[in-house]
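Novice: Sequence and predicted model, in that order:
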Amino acid sequence: MIDPASIDKTIDTRGSLCPEPVTRTRRALDTMTGGQLLSVLATDPLAELDLRVFCERHGHELLEIRRSPPDLEIVIRKGPP
């Protein structure tokens, strides 16, 4: 389990539907440096799959998914530039 104190940035996309969680995640990661951790809060049931695919395609690492229905917290490590 990722220590919450190690999270560098958190975005709250709860209440937003696809593609908004991915779009906001991309924008947040663009402001971060490689290796930093981003926490994405979401309620969209497809956010888990969408963000997993986004990370695979763009070289980021999805580290953890915490479920507390209806909320998700997805922790992503930004990949190298």
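Specialist: Alright, I've got the coordinates. Residues are numbered from 1 along each chain as shown.
Novice: My guess is Gln36 contacts Arg77. True?
Specialist: Yes: with contact defined as CB atoms under 8 Å, Gln36 reaches Arg77; the gap is 7.4 Å. In this view, the C-beta of every residue, glycine as well, is placed from N, C-alpha and C.
Novice: which of those two has more neighbours?
Specialist: The neighbour count for Gln36 versus Arg77, taken as other CB atoms under 10 Å, is higher for Arg77 (19 against 16).
Novice: can you tell me which residue is nearest the centre of the protein?
Specialist: Val40 (3.9 Å; CA atoms, centre = their mean).
Novice: The nearest residue to Leu29 once chain neighbours are set aside and Leu46: what is the separation?
Specialist: Among residues not flanking Leu29 along the chain, Lys78 sits closest, at 5.2 Å (CB to CB, 6 or more residues apart in numbering). Distance check for Lys78 against Leu46: by CB to CB, to the nearest Å, it reads 22 Å.
Novice: between these two, which one's more packed in?
Specialist: Between Lys78 and Leu46, counting by other CB under 10 Å, Lys78 is the more crowded of the two (23 against 13).
Novice: So what sits opposite the residue nearest to the centre of the chain in the bridge?
Specialist: For Val40, the beta-bridge partners are Ile11, Ile74 (DSSP bridges).
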